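Asker: Got a sequence here, can you model it:
(one chain, ligands or ions: 1)
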Amino acid sequence: MSALPGAPHIAWRGHQLFVEGQSADALAREHGTPLYVYSRGAMLGALAAYQRALTGRQHLICYAMKANSTLAVLQTFAQAGCGFDIVSVGELERVLAAGGDASRVLFSGVGKRPDEMRRALEAGIKCFNVESVAELRTLSGVAQAMNRRAPVSLRINPDVDAGTHPYISTGLKGNKFGIAHDEALAAYRIAASLPGLEVAGIDCHIGSQITQLGPHLDALERLLDLIEALEAEGIAIRHIDVGGGLGITYTDEAPPDAGALVRQLCARIDARGHGARELLFEPGRSLVGNAGVLLTEVLVLKPGSVKNFCIVDAAMNDLLRPTLYDATMGIVPCTLRDGAPVLYDVVGPVCESGDWLGRDRALAVLPGDRLAILSAGAYAFAMASNYNSRPRAAEVMVEGDRAFVIREREKVAALFSNERLIDR
Ligand SMILES: *Cc1c(COP(=O)(O)O)cnc(C)c1O
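Answerer: All right, here's what the predicted structure looks like:
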């Protein structure tokens, strides 16, 4: 058995790709394609890497559920003691529907509506991560009208370069995210003075798919500087939330593992005498990314004078990352066959030149074969759309030899069931 990069639960057994105890081809035959398949063991293993390194320290891991918000994924993490980082009230309702605990929920995001704030207060979430002074004032008003005090943390923009794709870099001065480091003290003074708020912590989140430790450590030092300045003024900070952003291996990236990240951060925190403070993490991609594959069937091979195309039944509506971020994701056959590989662009049937899944891939395939697109557990199904009136794919969770359908394939009729013809 040989495992795929970053994914010990997804491995070759001879010529066949397996997700835990289930062959990818058999799953595709039974459930159809395109099909998302997840390894429950891989998800729990990724969470355990954080948990192990945090043992003995007051902490909370809040899964950034926008990476993959399917109920059974949330249920898996909730049952393992995980909290959640949400960015909308829709995500809060999902947490509750999956059996998650509101008191372990952080509410992030640059723009929250007052009705969302009300619902989150009513549910009793742990903390609002606030990103502007205007939002502090709105939240205070909402909480006061409910006779409550909203627990808040300010998301600081530490102005560090995470060295990642511009669309997923969030900790630089030019980004829409967070409160500038040099405006943070003034913002905290306002937060402390507003009657509907209670200062609880401080947070940052500098980007996604970060493959180095340096940016995380730099951001942490800037948070600790601020905590010291705030406490000198009498504004107490209970928790430090260092955000998410740890990268995964898609092809040849070599990010630090979660344990190494946690240990290094904790060493800095302890060295500066802040070890007793509760420590929060908001990992998304690193908990689910390598736990999933997207299975798709080869429809047509279309040779060309400049390029050969391998046209498959998954498309950009199922997996947006390649065209949105210019992302490279591994693509392998579900069953290896003999024969000389040919270079293909792997593309979907959607009417857009941006509808590609992989470029210049050496594959020995025939129509009817199935391919697995790797590391598709994060920002994959969660970004799926119905563009071209394509129903969204089914999702299956594998646990050992068992496979559970955790989302049925969307039915075409459901795509327009809430539309109305004009009555005339
Ligand atoms: C997206 C997001 C995360 C998770 O980022 P990953 O790169 O998936 O770990 C954490 N916190 C906030 C505020 C986010 O927006």
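Asker: Look at whichever residue of the stretch 301-424 of the chain sits closest to the ligand and say how many residues are nearby.
Answerer: For the stretch 301-424 of the chain, the residue closest to the ligand is residue 378, as judged by CB to the nearest ligand atom, at 6.1 Å. Every residue, glycine included, has its C-beta placed from N, CA and C. Counted with other CB atoms under 10 Å, the neighbours of residue 378 add up to 26.
Asker: And it, how far from residue 28?
Answerer: From residue 378 over to residue 28 the distance is 21 Å, taken as CB to CB, to the nearest Å.
Asker: ok, the residue of the stretch 301-424 of the chain closest to the ligand - contacts?
Answerer: When contacts are counted by CB atoms under 8 Å, 6 or more residues apart in numbering, residue 378 touches 67-68, 248, 284-285, 287-289, 292.
Asker: Let me know the closest of those to residue 415.
Answerer: Of all those, residue 415 sits closest to residue 68, with 21.8 Å by CB to CB.
Asker: for the ligand, what are the nearby residues on the chain?
Answerer: 64, 66-67, 85, 108, 205, 208, 243-246, 282-286 (CB under 6 Å from any ligand atom).
Asker: Just the buried residues of the residues you listed.
Answerer: Buried members of the residues of the chain next to the ligand, scored by 16 or more other CB atoms under 10 Å, are 64, 66-67, 85, 108, 205, 208, 243-246, 282-286.
Asker: So which of those sit within helices?
Answerer: Per DSSP state H, helices hold the following members of these: 285-286.
Asker: Sort out for me which of the buried ones among the residues of the chain next to the ligand are in strands.
Answerer: Under the assignment DSSP state E, those contribute 64, 85 to strands.
Asker: Contact partners for the residue nearest to the spatial centre of the chain?
Answerer: Residue closest to the mean C-alpha point of the chain, counted by CA atoms, centre = their mean, is residue 67 at 2.4 Å. Going by CB under 8 Å, 6+ apart, residue 67 touches 284-285, 287-289, 377-379, 382.
Asker: Pipe these into CSV and attach pLDDT per row.
Answerer: Converted to CSV, the contacts of residue 67 look like this (pLDDT from 0 to 100):
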residue, pLDDT
284, 98
285, 98
287, 98
288, 98
289, 98
377, 98
378, 98
379, 98
382, 98
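Asker: wait, which of the residues you listed is closest to residue 333?
Answerer: Among those, residue 377 lies closest to residue 333 (CB to CB), at 19.7 Å.
Asker: partners of the nearest residue in space to the closest one that is not next to it in sequence in the sheet?
Answerer: Distances taken as CB to CB, 6 or more residues apart in numbering place residue 292 nearest to residue 377, at 2.8 Å, with adjacent residues excluded. Beta-bridge partners recorded for residue 292 (DSSP bridges): residue 38.
Asker: Quick check: residue 292 touching residue 37?
Answerer: Yes: shown here, residue 292 and residue 37 form a contact pair, counting by CB atoms under 8 Å, at 6.7 Å.
Asker: about what we covered before: so which of the contacts of residue 378 comes closest to residue 112?
Answerer: Distance to residue 112, by CB to CB, is smallest for residue 284 among the contacts of residue 378, at 18.5 Å.
Asker: and the residue nearest to residue 390 when sequence neighbours are not counted, how many neighbours?
Answerer: Among residues not flanking residue 390 along the chain, residue 317 sits closest, at 5.0 Å (CB to CB, 6+ apart). When neighbours are defined as other CB under 10 Å, residue 317 has 23 of them.
Asker: in stretch 287-305, what counts as buried?
Answerer: Neighbour counts over stretch 287-305 (16+ other CB under 10 Å) mark 287-298, 301 as buried.
Asker: scratch that, stretch 10-27 is what I was asking about
Answerer: Across stretch 10-27, burial judged by 16+ other CB under 10 Å covers 10, 17-20, 22, 24-25, 27.
Asker: swap in stretch 382-393?
Answerer: Judged by neighbour count (16+ other CB under 10 Å), stretch 382-393 contains these buried residues: 382-384, 390-393.
Asker: again, but for stretch 140-147
Answerer: Here stretch 140-147 shows 140, 142-143 as buried, counting by 16+ other CB under 10 Å.
Asker: Phi, psi for the nearest residue to residue 320 once chain neighbours are set aside please.
Answerer: In this structure, residue 320 finds its nearest non-sequential neighbour in residue 383, 4.5 Å apart by CB to CB, 6+ apart. In terms of degrees, to the nearest 10, the main-chain angles of residue 383 are phi -100, psi 10.
Asker: Check residue 381 too.
Answerer: Phi and psi for residue 381, reported as degrees, to the nearest 10, are phi -60, psi -40.
Asker: Assign a three-state SS to the nearest residue to it once chain neighbours are set aside, would you?
Answerer: In this structure, residue 381 finds its nearest non-sequential neighbour in residue 36, 5.1 Å apart by CB to CB, 6+ apart. Residue 36 carries the three-state label strand when classified by DSSP: H, G, I helix; E, B strand; the rest coil.
Asker: Could I get the pLDDT score of whatever residue of the stretch 51-200 of the chain ends up closest to the ligand?
Answerer: In the stretch 51-200 of the chain, the residue that lies nearest the ligand is residue 64 (3.3 Å; CB to the nearest ligand atom). Here the pLDDT value assigned to residue 64 is 98.
Asker: cool, and the one 10 residues further on?
Answerer: pLDDT for residue 74: 98.
Asker: For it, which non-adjacent residue is closest in space?
Answerer: In space, residue 74 is closest to residue 98, 3.7 Å off (CB to CB, 6+ apart).
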